[in-house]
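Asker: Next input, structure requested:
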Amino acid sequence: MQTPQELELDQDREELQSYLLDHPDDFVTHILQFNEMLARYRAASQEITTKLEILRNDFNTRQYRNPIESIQTRIKRPASIVGKMKARGMDITLESIEKELNDIAGIRVVCSFIDDIYMVAEKLLAQDDLRLIRVKDYIKNPKPNGYRSYHMVVEVPVFFLDSKQPMRVEIQLRTVAMDFWASLEHEMKYKKQIKNSAVISEELRRCAETIAETDEKMLELRRQIEAE
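Answerer: Reported below is the predicted structural model:
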């Protein structure tokens, strides 16, 4: 049986193959353009990651605890980009991709407590070379399936050989518990044909509620300890 990651890769390959078959004369050009575009987004991701690592080191030096548990990065695969654009009915050009998609470069920041999420976001956005594009707070307003996380899209200037370009990066901030739940739910999405999938999805939603209550309780306990 294929893993969720293998199924996702197969779907992405099918999307990309379909697109390239429709544009056989532009194969080499499109590959080169995609590679150049993705290199720019990797650079943007590195810029934001560096800022987060500096904050993390500063917390280690100046505070009794570090609110950042881990920092993970990812760049969307070309096939995923093509599939998302096709699903939206958009033209697949570099201009439309960069205009329509805000999550080509993604960073996941896992924090210890709920209030750490908002504090890290605030400290990051206080840097004057970042521009906030959009915020979606799925902690205060969870998705129907129970998903919780804090999403923000920021724009960061990146200096290249011959230009400076503003690049967008999506940052997801969540607690360890939220990240654990999201990983399991992601796996469930690729097993829709299993028996009782609706029941399992409902149980996952209930687990999300339990995890949210645990997050709140852990935050309350930490504050009690700090007060003493």
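Asker: Helices of the protein, residue ranges please.
Answerer: Using DSSP state H, the helices found in the chain span residues 4-22, 27-62, 78-87, 94-100, 114-125, 176-188, 197-227.
Asker: Which among the ones you listed is found nearest to Arg134?
Answerer: Comparing the helices of the chain against Arg134 with C-beta to C-beta, the closest turns out to be helix 114-125 (12.2 Å). Quick note: C-beta positions are derived from backbone N, CA and C, even for glycine.
Asker: thinking again about what came up before, export the helices of the chain to a markdown table and tack on distance to Lys143?
Answerer: As requested, these are exported to a markdown table (distance: least, C-beta to C-beta, whole Å):
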| stretch | distance to Lys143 |
| --- | --- |
| helix 4-22 | 19 |
| helix 27-62 | 24 |
| helix 78-87 | 18 |
| helix 94-100 | 21 |
| helix 114-125 | 16 |
| helix 176-188 | 10 |
| helix 197-227 | 9 |
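Asker: worst average pLDDT in those?
Answerer: Among the helices of the chain, helix 4-22 carries the lowest mean pLDDT, a mean of 55.
Asker: Contacts only, for Arg206.
Answerer: Contacts for Arg206 (C-beta atoms under 8 Å, 6 or more residues apart in numbering) come out as Gly146.
Asker: Number the chain from 70, please
Answerer: Noted, 70 is the first residue going forward, which turns the last one into Arg275.
Asker: Figure out the length between the terminal residues of stretch 200-217.
Answerer: Stretch 200-217 has its terminal residues 24 Å apart, counting by C-alpha to C-alpha, to the nearest Å.
Asker: ok, residues contacting it?
Answerer: 171, 183, 186, 194, 218-225, 235, 237, 243, 247, 250-251, 254, 270, 273-278, 280-281.
Asker: Show me how to select, in PyMOL, the buried members of the residues you listed.
Answerer: Selection of buried members from the contacts of stretch 200-217 for PyMOL, criterion 16 or more other C-beta atoms under 10 Å:
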select buried, resi 171+183+186+218+219+220+221+222+223+224+225+237+243+247+250+251+254+270+273+274+277+280+281
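Asker: which of the residues in stretch 148-162 are buried?
Answerer: In stretch 148-162, counting by 16+ other C-beta under 10 Å, buried: Ala148, Ser149, Ile150, Val151, Gly152, Lys153, Met154, Ile161.
Asker: Determine which two of those are furthest apart.
Answerer: Maximum distance among the buried residues of stretch 148-162 (C-beta to C-beta): 12.3 Å, for Ser149 and Ile161.
Asker: As a quick check, tell me the outermost residue of this protein.
Answerer: Distance to the chain centre peaks in the chain at Glu297, reaching 36.7 Å (criterion: C-alpha atoms, centre = their mean).
Asker: what's the spacing between that one and Phe182?
Answerer: Here Glu297 is placed at a distance of 17 Å from Phe182 (C-beta to C-beta, to the nearest Å).
Asker: Please apply the same query to Lys153.
Answerer: Taking C-beta to C-beta, one finds Lys153 at 33 Å from Phe182.
Asker: List the contacts of Val181.
Answerer: Just so we're on the same page, residue 181 is Ser rather than Val. When contacts are taken as C-beta under 8 Å, 6+ apart, Ser181 is in contact with Arg134, Asn135, Pro136, Glu138, Thr244, Val245.
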